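Engineer: need a structure here:
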Amino acid sequence: MAEPAFSVGSFATLPTPSSFVTCAAASSKFVLLGLSNGTLTLYDVFGNLLDSYEALHVGSVSAVALCDEVIASVGSARNDIRVARLFTGAGLVVGNDLSGTGMLTKATVSFVKNAAHPVLALAIDPNFGKPRYGYRVAYAEQGGRVCIHTSGWFGGSDYTVEEPSAMLVTDLKWMQNMLVVAGKDAVKVHDTRANRAICVIAGPGSTAPASPATVGKPSTWAGDHSGGFRSKGRSAVGQQREGAEARPTTLPSSTQAARAKANSAQTIIQKEAEGDRRTVQEGRWIPKTKVYMETNDDIALSPHGEATVSVYITWPSGSRIVQIGPLKEVEPPEQAPQREIEITCRLERAELSFADSQSENITKDDIDITSIEGPHEGPLLSFVPFGDGDAAALVGTRSHELVLHLISTSEGKSVKSMHMPYHGLWDADLLTVPGGDPLVLIVGHWPSATLRVEKDEGNAEEVGGVVYVRSLTTAERVKWLLGQGRFSDALHTAQSAPGGSLRRAEVSLEDVGEQFLESLHESGDYKKLASVLPETITMTAPYVGFRARERVMAKRVRRWKRWISIFWENGHLGTVAPVIPTYEPCLPEQSYNDILVELAGTNSIVMLEVLKTWPADVFGVSAVTKAIEERLAITGEGVQNSTEREPLREGLLMMYGLSGRHDETLNLLLREKSPQVYDYIRSHHLYEAVRSRDTISGLYMIDSDAATDILSHAPETVLPPGAVVPILLTIDNPTWTFMYLHAMFRIDADQAPQYHNQLLKLYVDHGSSGMLFNFLRTSKHYTLDRALREMGGPKGFKKGQLANERVFVLSGMGDLNSAMDILLDELGDTHVAIEFASDHGDKLLWERLIDHARTHADTLAALLDSPAGGKVDPVRLVPLLTADMKIPHLRDRLHRILVDAALERALREDAAAALHHDASVLLNELDECISVMP
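Structural biologist: Residues are numbered from 1 along each chain as shown. I've put the predicted structure just below:
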């Protein structure tokens with residue numbers, strides 16, 4: 001079932017049950033009702049009866065008007081118009097209890113006027129009683145005549161706005177200096193300050209002229225038959241300047257038949273006001289044109305202080321919203337000022353079908369009216385504003401229903417609707433209460449008229465008299481959602497409610513939250529229940545101020561205990577445990593202990609999860625430790641128990657750590673061969689506890705790389721190499737010793753120098769050649785003799801064995817020839833040998849290379865390519881060439897040698913010539929200096 005579109009209920013109860021409402025008016029403070037027995041009743045906007053003036057008029061009250069604290073009413077029998085100012089008492093303000101103060105009975109009467117003909121509508125000047133304006137009231141007579149009566153010291157005077165005509169006037173509204181006259185076929189807007197007509201708005205399908213001749217050229221207001229002028233179109237209407245002479249607008253008189261028809265319709269309306277039940281039938285609606293005016297606050301005021309006015313016009317077959325702007329000066333100044341007029345919304349009755357909201361209807365049958373055959377079939381009764389950007393439209397049907405639509409004025413269509421079956425009703429009207437939240441009143445004209453309003457599914461209420469229509473309050477939406485079983489939406493709505501609004505409506509946020517949680521519990525969705533439980537309990541039990549904190553926290557604790565027991569009893573304690581709070585609120589320590597003990601036996605994985613998240617000060621460590629130890633003792637070793645035992649072991653380790661039993665924790669980790677032992681040692685700085693043969697052996701057996709890392713990075717003051725190496729030597733595992741000493745050497749080459757000779761042997765036995773060569777170049781704490789001896793071993797060297805390392809050691813010992821022999825004979829790397837000879841600059845090494853080149857073509861080719869920067873004379877290399885030597889590109893190599901030699905010779909000659917020239921010049925200068933000497 002869809003959410004109701006409106007909140008509908010009884011607004012006021014009439015003081016005399018035998019009477020009924022014949023007319024009504026409202027302002028931002030009061031609601032005034034005229035009754036069929038001539039009584040006036042005054043209510044505040046909340047429906048409280050403030051005062052009642054019984055039998056003020058003879059017969060029924062045919063029309064009333066209300067402007068601020070000024071009221072006007074007219075009786076149907078004597079046509080007596082009474083205007084008075086409400087009595088509010090000295091110092092009283094709106095909002096206090098004004099009932100019993102005699103606001104009507106003690107009202108100050110401004111004037112009483114007897115009209116010549118029955119009066120159908122009244123309107124009070126907004127500037128009533130102010131200087132320059134006087135006491136003015138507009139009234140419309142049955143014959144179509146509209147006058148403005150101004151009261152004075154000597155009776156008063158009438159000014160005719162509309163002459164008697166065939167136009168049936170059904171409503172008058174007055175705002176600022178605009179008087180709106182609502183007729184059957186058209187609505188006319190008059191400027192009461194300039195005494196000129198502003199515009200004429202033709203109704204849908206009307207044949208009335210688009211505008212009177214005095215307004216402007218006919219082409220200016222060439223409108224269509226559906227609305228007077230084009231939708232969203234604008235027009236500037238010339239206005240006569242203030243103070244200028246102007247004559248009232250006069251429409252041409254109609255034919256005698258048209259007058260007779262209008263008088264007949266006026267008679268029906270007059271009898272309606274008098275309460276003649278024989279004239280009308282139930283559901284045979286009386287066609288009327290109605291208007292409502294409001295200022296548009298979204299548009300800035302004009303320089304003269306005028307606001308833009310929106311006029312809501314209701315015809316039986318459609319409605320319009322016409323926006324009339326203030327007067328604007330135009331260029332040249334000689335021209336009259338103008339107004340901007342625009343139709344901002346168009347709504348046709350045929351578009352308001354009943355099928356658009358079937359889910360919200362409370363009707364017997366779905367009825368779709370897409371066309372109107374006559375004015376009584378299903379007319380649009382009223383169209384008034386309803387909040388920002390929306391309007392309310394009331395439609396009457398012959399199927400004993402009223403249909404209330406929420407209209408989006410920007411889109412011009414119905415958004416929501418509500419159907420209300422009625423009984424004993426033949427006319428109804430919407431009355432907007434301006435200011436505050438959207439509120440309209442449905443006024444039904446009949447003593448026994450009632451509306452049937454559905455409150456929730458299967459529950460309806462009969463309301464009569466005056467019915468209020470407003471948007472649903474938050475509390476009403478919450479109650480309706482709860483009734484529909486939409487607990488999640490109800491909770492979300494309740495949480496967004498303004499402060500105090502639920503409490504005033506006797507709706508408890510905590511109860512809404514509990515109903516939402518209970519719905520999840522009944523559905524068996526414990527996973528979702530656990531996920532929303534913390535936020536629901538917290539948000540539905542808020543506190544403001546420190547004083548309320550203890551009381552609210554105690555309430556939260558009670559609710560948490562209740563829901564934890566529900567999860568526990570249904571076997572879902574592991575689902576709720578991770579979301580149990582430990583702060584605001586904090587449960588008693590015993591509650592946390594019981595939960596952890598239960599989880600240790602039923603769900604060790606969740607137990608470990610909560611142990612990692614809960615602070616250690618909310619539960620008893622000793623109690624939980626004992627429970628875990630007992631559970632481990634029960635569960636035996638095995639593959640089937642490994643899933644349960646592993647979280648228990650980790651949880652026990654955490655308990656040992658929290659209680660300071662680090663030695664037991666370390667032994668347990670080593671015994672279980674847990675990789676967590678390394679992080680545990682680091683986090684608790686247990687390096688001192690590692691100084692034992694069993695501990696170090698256990699660490700290396702779990703993970704030798706991790707053990708090497710933690711031992712090598714241990715603080716030297718707590719676990720130095722002098723303590724670790726002897727233990728590793730007793731274990732008799734050279735690989736572990738090598739890994740530790742190598743890691744220490746990589747961290748700091750000068751650390752533990754006393755073990756470098758031993759590390760040298762370990763590099764030879766367990767390391768790679770690159771490691772050994774790096775050690776030989778970096779370390780300064782070994783002897784070359786021992787290095788050579790360790791590399792050779794007891795059986796001596798094999799060809800190519802550690803050749804680079806031996807070359808490095810022999811070079812350090814000064815045995816360059818032996819090193820050169822290794823490079824040439826074992827490695828066969830001539831280029832490295834040439835580089836070695838160049839680095840040491842020993843002639844014997846070059847001679848060794850030349851001798852080697854006699855029998856090795858690759859050595860000779862290398863020397864030919866790079867004669868070592870003049871260290872080897874190419875002349876000595878050429879005779880070494882023999883016929884059996886195969887040297888690639890020999891001719892190119894020899895040619896390059898000759899070119900290089902020629903180039904060198906040319907350079908020498910050029911250098912000698914330059915030196916000879918410089919010397920000659922200097923000698924000549926010397927001779928000149930000597931010749932000038934005395």
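
Engineer: gap between the two ends of stretch 611-626?
Structural biologist: Its start and end residues considered, stretch 611-626 measures 15 Å (Cα to Cα, to the nearest Å).

Engineer: what does it contact?
Structural biologist: For stretch 611-626, contacts defined as Cβ atoms under 8 Å, 6 or more residues apart in numbering pick out 578, 582, 586-587, 589, 592-593, 596-597, 600, 651-652, 654-656, 658-659. C-betas here are computed from N, CA, C, even on glycine.

Engineer: which positions in it come out as buried?
Structural biologist: Buried residues in stretch 611-626, counted by 16 or more other Cβ atoms under 10 Å: Leu611, Trp614, Val618, Phe619, Gly620, Val621, Ala623, Val624, Thr625.

Engineer: with stretch 532-542 instead?
Structural biologist: Result for stretch 532-542 [16+ other Cβ under 10 Å]: buried residues Val532, Leu533, Thr536, Ile537, Met539, Thr540, Ala541.

Engineer: likewise for stretch 8-22?
Structural biologist: Taking 16+ other Cβ under 10 Å as the criterion, stretch 8-22 shows Val8, Gly9, Ser10, Phe11, Ala12, Leu14, Ser19, Phe20, Val21, Thr22 as buried.

Engineer: hmm, back to that, now render the buried residues of stretch 611-626 as TSV, adding distance to Trp736 and pLDDT.
Structural biologist: Below are these laid out as TSV (distance: Cβ to Cβ, whole Å; pLDDT from 0 to 100):
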residue	distance to Trp736	pLDDT
Leu611	35	93
Trp614	40	94
Val618	44	92
Phe619	42	93
Gly620	42	92
Val621	37	90
Ala623	42	91
Val624	38	92
Thr625	35	90
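
Engineer: need the residues you listed in a markdown table (columns: secondary structure and distance to Ser811).
Structural biologist: As requested, those are exported to a markdown table (DSSP: H, G, I helix; E, B strand; the rest coil; distance: Cβ to Cβ, whole Å):
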| residue | secondary structure | distance to Ser811 |
| --- | --- | --- |
| Leu611 | helix | 63 |
| Trp614 | coil | 67 |
| Val618 | helix | 71 |
| Phe619 | coil | 70 |
| Gly620 | coil | 72 |
| Val621 | helix | 66 |
| Ala623 | helix | 72 |
| Val624 | helix | 68 |
| Thr625 | helix | 65 |
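
Engineer: quick check, nearest of these to Arg896?
Structural biologist: Here the nearest of the buried residues of stretch 611-626 to Arg896, counting by Cβ to Cβ, is Leu611; it sits at 81.0 Å.

Engineer: what about stretch 614-624, distance to the chain center?
Structural biologist: Offset of stretch 614-624 from its chain centre (Cα atoms, centre = their mean, to the nearest Å): 39 Å.

Engineer: go on, stretch 145-155?
Structural biologist: Counting by Cα atoms, centre = their mean, stretch 145-155 comes out at 60 Å from the chain centroid.

Engineer: endpoints of that stretch, how far apart?
Structural biologist: Across stretch 145-155, first to last residue, Cα to Cα, it's 20 Å.

Engineer: who touches it?
Structural biologist: Residues from elsewhere that reach stretch 145-155 (Cβ under 8 Å, 6+ apart): 81, 83, 110-111, 113, 117, 125, 134-141, 156-164, 169, 172, 179, 181, 192.

Engineer: in strands only, show me the residues you listed.
Structural biologist: Members of the contacts of stretch 145-155 lying in strands (criterion: DSSP state E): 81, 83, 110-111, 113, 135-141, 157-162, 169, 172, 179, 181.

Engineer: pull out the buried residues from those residues.
Structural biologist: 81, 83, 110-111, 113, 135-141, 161-162, 169, 172, 179, 181.

Engineer: any idea how far Thr717 is from His685?
Structural biologist: Here His685 is placed at a distance of 12 Å from Thr717 (Cβ to Cβ, to the nearest Å).

Engineer: likewise Lys413?
Structural biologist: For Lys413, the distance to Thr717 - Cβ to Cβ - is 85 Å.

Engineer: higher neighbour count, these two?
Structural biologist: Lys413 (15 against 7; other Cβ atoms under 10 Å).

Engineer: Ala393 is in contact with that one, correct?
Structural biologist: No: using Cβ atoms under 8 Å, Lys413 is not in contact with Ala393; the gap is 10.5 Å.

Engineer: burial count for the residue nearest to Asp191 when sequence neighbours are not counted?
Structural biologist: Nearest non-adjacent residue to Asp191, counting by Cβ to Cβ, 6 or more residues apart in numbering: Ile198, 5.3 Å away. Residues within reach of Ile198, counting by other Cβ under 10 Å, total 23.

Engineer: low-confidence stretches in the stretch 151-300 of the chain?
Structural biologist: Residue ranges of the stretch 151-300 of the chain with pLDDT under 70: 206-284.

Engineer: give me that answer again for 90
Structural biologist: Scanning the stretch 151-300 of the chain with the threshold set as pLDDT under 90 gives 151-157, 162-168, 176, 183-186, 193-198, 202-288, 295-300.

Engineer: the stretch 451-600 of the chain too?
Structural biologist: Checking the stretch 451-600 of the chain against pLDDT under 90 turns up 451-514, 535-554, 583-584.

Engineer: mind splitting this protein into its structural domains?
Structural biologist: Here the domain assignment for the chain is 21-88+101-202, 380-443, 833-915, based on the TED database.

Engineer: which elements pack onto the lengthiest helix in the chain?
Structural biologist: In the chain, with assignment by DSSP state H, the single longest helix is helix 890-931. Judged by 3 or more Cβ pairs under 8 Å, 6 or more residues apart in numbering; DSSP states H and E, helix 890-931 is in contact with helix 857-865.

Engineer: list the contacts for His521?
Structural biologist: Neighbours of His521 in contact, by Cβ under 8 Å, 6+ apart: Leu529, Ile566.

Engineer: my bad, Tyr526
Structural biologist: Listed by Cβ under 8 Å, 6+ apart, the contact set of Tyr526 reads Leu520, Phe567, Asn570, His572, Thr575, Val576.

Engineer: most neighbours among the residues you listed, which one is it?
Structural biologist: Ranked by the number of neighbours (other Cβ under 10 Å), the contacts of Tyr526 place Val576 first, at 23 neighbours.

Engineer: how about stretch 695-711 as PDB, C-alpha atoms only?
Structural biologist: C-alpha atoms of stretch 695-711 as PDB (Å, rounded to 0.1, in the frame of the first residue of the first chain):
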ATOM      1  CA  THR A 695      65.900 -21.300  21.900                       C
ATOM      2  CA  ILE A 696      68.300 -20.500  19.100                       C
ATOM      3  CA  SER A 697      68.100 -24.000  17.700                       C
ATOM      4  CA  GLY A 698      64.300 -23.800  17.800                       C
ATOM      5  CA  LEU A 699      64.300 -20.400  16.100                       C
ATOM      6  CA  TYR A 700      66.500 -21.800  13.200                       C
ATOM      7  CA  MET A 701      64.400 -24.900  12.900                       C
ATOM      8  CA  ILE A 702      61.200 -22.900  12.300                       C
ATOM      9  CA  ASP A 703      62.700 -20.500   9.800                       C
ATOM     10  CA  SER A 704      66.400 -20.100   9.400                       C
ATOM     11  CA  ASP A 705      66.200 -16.800   7.500                       C
ATOM     12  CA  ALA A 706      63.800 -15.300  10.000                       C
ATOM     13  CA  ALA A 707      66.000 -16.500  12.900                       C
ATOM     14  CA  THR A 708      69.100 -15.000  11.200                       C
ATOM     15  CA  ASP A 709      67.300 -11.700  10.700                       C
ATOM     16  CA  ILE A 710      66.100 -11.400  14.300                       C
ATOM     17  CA  LEU A 711      69.500 -12.500  15.800                       C
END
